[in-house]
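K.L.:
Below is the structure, and that's it, no one-letter string:
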């Protein structure tokens with residue numbers, strides 16, 4: 001799961017959303033220095049990641065990327081699942097995606113001082129480029145993968161990834177919807193968080 005899914009799966013508590021958003025930026029017991037609700041969000045993030053990484057459908061999808069991405073295949077699935085959530089957003093939330101992302105940006109800006117320094121440095125570009133919304137298109141995925149291959153250790157195999165996505169698009173989409181219903185149920189039952197649905 002990537003940023004959009006993590007914030008969506010946080011329910012309506014802003015501090016839980018913050019914790020879930022910054023989950024990858026906080027290691028080990030460092031989460032203990034945050035407020036109770038932000039700690040809950042960080043632990044929620046870790047549980048979502050564990051549930052996702054172990055899930056058969058996710059593993060089945062990530063195998064398609066392994067010839068070029070090896071251990072990074074799961075990263076591509078995370079981005080791809082955010083793509084399906086973004087491109088089918090109206091099935092999950094009544095708020096327009098643009099408005100939802102803007103609200104999330106405001107929550108982060110209003111709590112900027114509690115964010116880890118590296119995230120503070122990353123956030124302006126992330127928000128200005130409106131990366132979360134760009135997940136909704138394949139061209140946006142291409143841009144995200146290109147950017148990540150330049151600033152992280154992600155292999156520079158973007159065209160291969162796009163080719164796999166296009167070839168198996170319907171399979172990936174079906175796997176996402178099957179999986180996402182299960183992770184919503186997991187979060188609601190294990191963390192007692194109510195996930196909003198479209199009416």
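P.N.:
It's in. Since we're looking at a predicted model, the values are computed, not measured.
K.L.:
Would you mind pulling up the elements that the lengthiest helix in the chain packs against?
P.N.:
When the chain is parsed with DSSP state H, its longest helix is helix 169-191. Other helices and strands packing on helix 169-191, by 3 or more C-beta pairs under 8 Å, 6 or more residues apart in numbering; DSSP states H and E, are helix 36-54, helix 56-62, helix 73-87. (Each C-beta comes from the backbone N, C-alpha and C, glycine too.)
K.L.:
For it, list every residue counted as buried.
P.N.:
By neighbour count with 16 or more other C-beta atoms under 10 Å, helix 169-191 contains the buried residues 172-173, 175-176, 179-180, 183-184, 186-187, 191.
K.L.:
again, but for stretch 83-99
P.N.:
So for stretch 83-99, counting by 16+ other C-beta under 10 Å, buried means 83-87, 89, 92-93, 97.
K.L.:
got it, and stretch 124-138?
P.N.:
Neighbour counts over stretch 124-138 (16+ other C-beta under 10 Å) mark 127, 131-136 as buried.
K.L.:
Redo those as JSON lines? Include distance to residue 32 and pLDDT.
P.N.:
Listed next are the buried residues of stretch 124-138 as JSON lines, based on distance: C-beta to C-beta, whole Å; pLDDT from 0 to 100:
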{"residue": "127", "distance to residue 32": "28", "pLDDT": "95"}
{"residue": "131", "distance to residue 32": "29", "pLDDT": "91"}
{"residue": "132", "distance to residue 32": "28", "pLDDT": "93"}
{"residue": "133", "distance to residue 32": "33", "pLDDT": "95"}
{"residue": "134", "distance to residue 32": "34", "pLDDT": "93"}
{"residue": "135", "distance to residue 32": "31", "pLDDT": "94"}
{"residue": "136", "distance to residue 32": "36", "pLDDT": "96"}
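K.L.:
Which of the residues you listed sits closest to residue 55?
P.N.:
Minimum separation from residue 55 among the buried residues of stretch 124-138 (C-beta to C-beta) is found for residue 135, which lies at 19.9 Å.
K.L.:
give me every residue that touches that closest one.
P.N.:
2, 4, 79, 82-83, 85-87, 141, 144 (C-beta atoms under 8 Å, 6 or more residues apart in numbering).
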